[in-house]
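In: mind looking at a prediction? Sequence and model below.
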Protein chains: 2
Amino acid sequence: MDTLRIAVIEDDPVIRTGLLEYFQHEEFCHDAWATPSMESFFEAIKSGKHADVVLTDIGLPGMSGTDGIRLIREQLPQADVIMLTVFKDENRIFKSLCAGATGYLLKDTPFPQIKEAIRVIRNGGSFMSPAIARKVVQYFNPQPQENENNLTVRERQIIQGLVDGLSYKLIADRLSISIDTIRYHIKKIYNKMHVNSRTELIRKSMR
Amino acid sequence: MDTLRIAVIEDDPVIRTGLLEYFQHEEFCHDAWATPSMESFFEAIKSGKHADVVLTDIGLPGMSGTDGIRLIREQLPQADVIMLTVFKDENRIFKSLCAGATGYLLKDTPFPQIKEAIRVIRNGGSFMSPAIARKVVQYFNPQPQENENNLTVRERQIIQGLVDGLSYKLIADRLSISIDTIRYHIKKIYNKMHVNSRTELIRKSMR
DNA sequence: AAATGTACCGCATCATTATGTAGTTTGCCG
DNA sequence: CGGCAAACTACATAATGATGCGGTACATTT
């Protein structure tokens, strides 16, 4: 593994200092620096600092870690952004992943495991704390929930396939049922949702 | 961690035997047994065998590991199904996750890491090999196009109609041109945007 | 002048979507 | 038990989407 420049964005001074000291004593780390906020991070970038890995908290003063991901990736296209946070709610998880984070670690992750996560991420993989991985897995296999329009679990799975842009055939493959069953469900879904096309459904689902 | 009953479904006898011997020497494992196919796995279940964890290959004779997940979960609702496979294509990954797999490991995972994956999964988490996690993460953040693809004014107008959910005919009405011209422009748009369907385009346009 | 790009148009073909009709099986509820 | 809903399946049909090929006209660039 190449020696890395690691930036930490963390407002808690104890954690910030702890991480800095850990990284500064690690051979794989060429340079480690930290800022207490997104804003000060971008000032440091503007004044010439660099980073290959950005380890960022979410709950920060001013701009949140999640809201900063896209900006980080614009300024540092080759950098990996890894979340290090107490938040394990699905909204923040998926918003961060959608924005381009390549790792999502919980705050209780031991430092050596943070190091290991950085290693696999820089090697082209990704790493999530197990509880986060479970939430991600459950995104693909949703459990029954309260729902609007009385949609069944099956119907919601099929909507997900439609939103993903899959053809009926591919949705059928994914769910191991026939394409005619897909068509049957879609008829019911469109009736329940009062739409007449996939696009209408997608627009409605994204609200 | 409670002592577990682990079932392995693996047609390669070397791997099967290796895994069995490893688990049978591990304290966390109360019982380990294996079958070379899904069909023989279900026969064993029918004749009284049990499992808390099912570690299954995908490329099996007869029914594939992926196609067996749902049946396993019906017969063993409390069991975790973990894929152990060489396949790292997105189709199989997402199909397995949608079917309810709670782990997805590549075949080159060392045995102690398989054990660790089982541990975190039984503790309510999930575990994926890093390359798999990267595919999953990229599902949420597909690579954006590097520029605006030099769309003309006309092309942007037509994209808007597509995003609005209008049929080609209605877009043609809106722009006072023929439906064949719509088709012509859409061909060019899809090429420029590197998509193959309206839904892909919409997903890409909304970022 | 020739090449290139944009906008327009038509035809042909195949793939996919949407909808109607019919049926079976299973589980739940009154 | 019958009624109902959910899930599955099949068939048929029409409409729409996607793509390939061909063409014209005009403006700009080489």
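Out: Received it, and whenever you're ready, just let me know what you need.
In: and the top helix by length along chain A, what other elements does it pack with?
Out: Among the segments of chain A that qualify as a helix by DSSP state H, the longest is helix A:179-193. Using 3 or more Cβ pairs under 8 Å, 6 or more residues apart in numbering or on different chains; DSSP states H and E, the elements in contact with helix A:179-193 are helix A:153-163, helix A:168-175, helix A:198-205. From N, CA and C alone the C-beta is placed, and that goes for glycine too.
In: one more time with 6 Å
Out: The contact analysis (3 or more Cβ pairs under 6 Å, 6 or more residues apart in numbering or on different chains; DSSP states H and E) places helix A:179-193 against helix A:153-163, helix A:168-175.
In: how about these, which one is nearest DNA strand C?
Out: Minimum separation from DNA strand C across the helices and strands packed on helix A:179-193 (Cβ to the nearest atom of the strand) falls at helix A:168-175, 3.5 Å.
In: run through chain A and note the low-pLDDT ranges.
Out: The model of chain A has pLDDT under 70 over residues A:1-2, A:142-148, A:206-207.
In: name the nearest residue to the residue nearest in space to the middle of it, ignoring sequence neighbours.
Out: In chain A, the C-alpha nearest the mean C-alpha coordinate belongs to residue A:97, at 1.9 Å (Cα atoms, centre = their mean). Spatial nearest neighbour of residue A:97, excluding adjacent residues (Cβ to Cβ, 6 or more residues apart in numbering or on different chains): residue B:140 at 3.8 Å.
In: neighbours of the closest residue to residue A:130 other than its chain neighbours, how many?
Out: Spatial nearest neighbour of residue A:130, chain neighbours left out: residue B:125 (2.4 Å); criterion: Cβ to Cβ, 6+ apart. Residue B:125 is flanked by 20 other residues according to other Cβ atoms under 10 Å in any protein chain shown.
In: name the SS class of residue B:125, please.
Out: State at residue B:125, reduced to three classes by DSSP: H, G, I helix; E, B strand; the rest coil: coil.
In: tell me which residues touch it, please.
Out: Neighbouring residues of residue B:125 by Cβ atoms under 6 Å, 6 or more residues apart in numbering or on different chains: A:130-131, A:134.
In: okay, the residues you listed in JSON lines with secondary structure, neighbour count and distance to residue A:166 next?
Out: Listed next are the contacts of residue B:125 as JSON lines, based on DSSP: H, G, I helix; E, B strand; the rest coil; neighbours: other Cβ atoms under 10 Å in any protein chain shown; distance: Cβ to Cβ, whole Å:
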{"residue": "A:130", "secondary structure": "helix", "neighbour count": "20", "distance to residue A:166": "28"}
{"residue": "A:131", "secondary structure": "helix", "neighbour count": "18", "distance to residue A:166": "28"}
{"residue": "A:134", "secondary structure": "helix", "neighbour count": "21", "distance to residue A:166": "24"}
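In: please identify which of these is nearest to DNA strand D.
Out: Closest to DNA strand D out of the contacts of residue B:125 is residue A:134 (22.9 Å), distances taken as Cβ to the nearest atom of the strand.
In: that older thread, what is the neighbour count of the residue nearest to residue A:97?
Out: Here the count is done by other Cβ under 10 Å, and residue B:140 has 17 residues near it.
In: would you map out the domains in chain A?
Out: A:4-138, A:148-205 (automatic domain parsing).
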